[in-house]
Structure formats: C-alpha cells, structure tokens
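Novice: sequence plus predicted model, see below.
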Amino acid sequence: MNEKLGLDKSATEAVAGKLGKLLADLHIVYGHLHALHWNIEGKQFFGVHRELQSMYENLAEQIDEVAERMLILGHRPATTFKEYLATSSLEELPSRKYSAEETAKLVLQDLAHLIKELRALIETAGEHNDEASADLGVEMLGEFEKQNWFWSAFSA
Ligand SMILES: [Fe+2]
C-alpha cells in the first residue's frame, strides 16, 4: 500500500504496467513520425511535413508525462530502445521515401493502436481508483481521437 497516495500495491503495479506499455509504444511511434517527417515526398510535402512535426513535438511532452506518472506511482520507466522494442508490439519504420497516402495510412494505424492502449489504461486505472492516471489517459485519448479525425479527413 502506498499510504500517501492511498493506492494499494496491486493498483500501482497494474497501472504502471499499462503506462510502461504505452511509454514503449509512444517511443516507437515517435520514431515513425520522424521517419515520415523526413522522408515524405510529393506535392503535399509542406503540409504533411509540418503536421508530423507538430505531432512529434506533442508526443515528446506526452512521453514525459507518462514516464513521470510511472515515477509518481513508484515505478521506474524504461529509458532504452532495447526495452521499448521488447515491450511494444509495433515495428520500427525504415528510412525510405513515403507518399502522403502511405503516410496517412501508417499514422492512422498508429493512432488506432494508441487509442486502444489508452482505453485499456483508462479501464485499468478506473478499476483501481487511480483517477489521475485515468485523467492522463483521457486527455491523451481526446488528442489522438482528434488526430484520427484530421488524418481520416486528409485521406477521404
Ligand atoms: Fe524537421
């Protein structure tokens, strides 16, 4: 039991486990966004290049929030890509040319994956009365759902 937080050990372990999985996924997606930001080619270069930058800048802040929430719960976040790759089910993207259409498809796949992970985090945090972790998840979920709308509209 963490007396100061009023959360028992099984709660902090369950939620930190979900946060650790999310942290790994976010790092892999961070790499994807750079692969696409740097390698997008075609007539839609300017808009897509800029949008991807805004996404990875937001993601850097979200990564920090997730890792710090783990520390608040008494768990150390992983810091190596070796650990992130072992934890995440996502594969890295190679550095090669990407079209705007392929970029949109890949980003939408990542967003769907993250949205699913966030719903699992929110559910686990809710079951264990960890409102602050649930709140962090809800805020990120809203942002990713909005990005899902942007990229779906782009692809329509
Ligand atoms: Fe850049």
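Specialist: Yep, that arrived. A quick note: this is a predicted structure, and the numbers were derived from the prediction, not measured.
Novice: what about the residue nearest the centre of the chain, helix or strand, and which?
Specialist: Nearest to the mean C-alpha position of the chain, by Cα atoms, centre = their mean, lies L26 at 3.5 Å. Using DSSP states H and E, L26 sits in helix 9-39.
Novice: buried sites along that helix?
Specialist: 11-12, 14-16, 18-33, 35-37, 39 (16 or more other Cβ atoms under 10 Å). Placement of C-beta: from N, CA and C, glycine included.
Novice: next one: stretch 46-56
Specialist: Those would be 48-49, 51-52, 55-56, for stretch 46-56 by 16+ other Cβ under 10 Å.
Novice: and what of stretch 132-148?
Specialist: So, applying 16+ other Cβ under 10 Å, buried residues of stretch 132-148: 133-134, 136-138, 140-141, 143-144, 147-148.
Novice: setting the sequence-adjacent residues aside, check what's closest to L111.
Specialist: N148 (4.8 Å; Cβ to Cβ, 6 or more residues apart in numbering).
Novice: ditto for L93
Specialist: L93 sits nearest to A35 (Cβ to Cβ, 6+ apart), 4.1 Å away.
Novice: pretty sure that neighbour is touching K97, no?
Specialist: No. A35 is not in contact with K97 according to Cβ atoms under 8 Å; the separation is 10.6 Å.
Novice: quick check, the residue nearest to L111 in a helix?
Specialist: Yes. The assignment for N148 is a helix, going by DSSP: H, G, I helix; E, B strand; the rest coil.
Novice: next up, the contacts around it.
Specialist: 108, 111-112, 115 (Cβ atoms under 8 Å, 6 or more residues apart in numbering).
Novice: and E83, what element?
Specialist: Taking DSSP H and E as the criterion, E83 maps to helix 81-87.
Novice: any idea how many residues pack against N2?
Specialist: N2: 13 surrounding residues under other Cβ atoms under 10 Å.
Novice: what do you get for D130?
Specialist: D130: 25 neighbours (other Cβ under 10 Å).
Novice: confirm for me that L19 is in contact with E65.
Specialist: No. Look at L19 against E65 with Cβ under 8 Å: they stay out of range, at 9.8 Å.
Novice: does F150 really touch E51, like I thought?
Specialist: Yes. F150 is within contact range of E51, at 7.5 Å (criterion: Cβ under 8 Å).
Novice: quick check: closest non-adjacent residue to E127.
Specialist: Among residues not flanking E127 along the chain, A14 sits closest, at 7.7 Å (Cβ to Cβ, 6+ apart).
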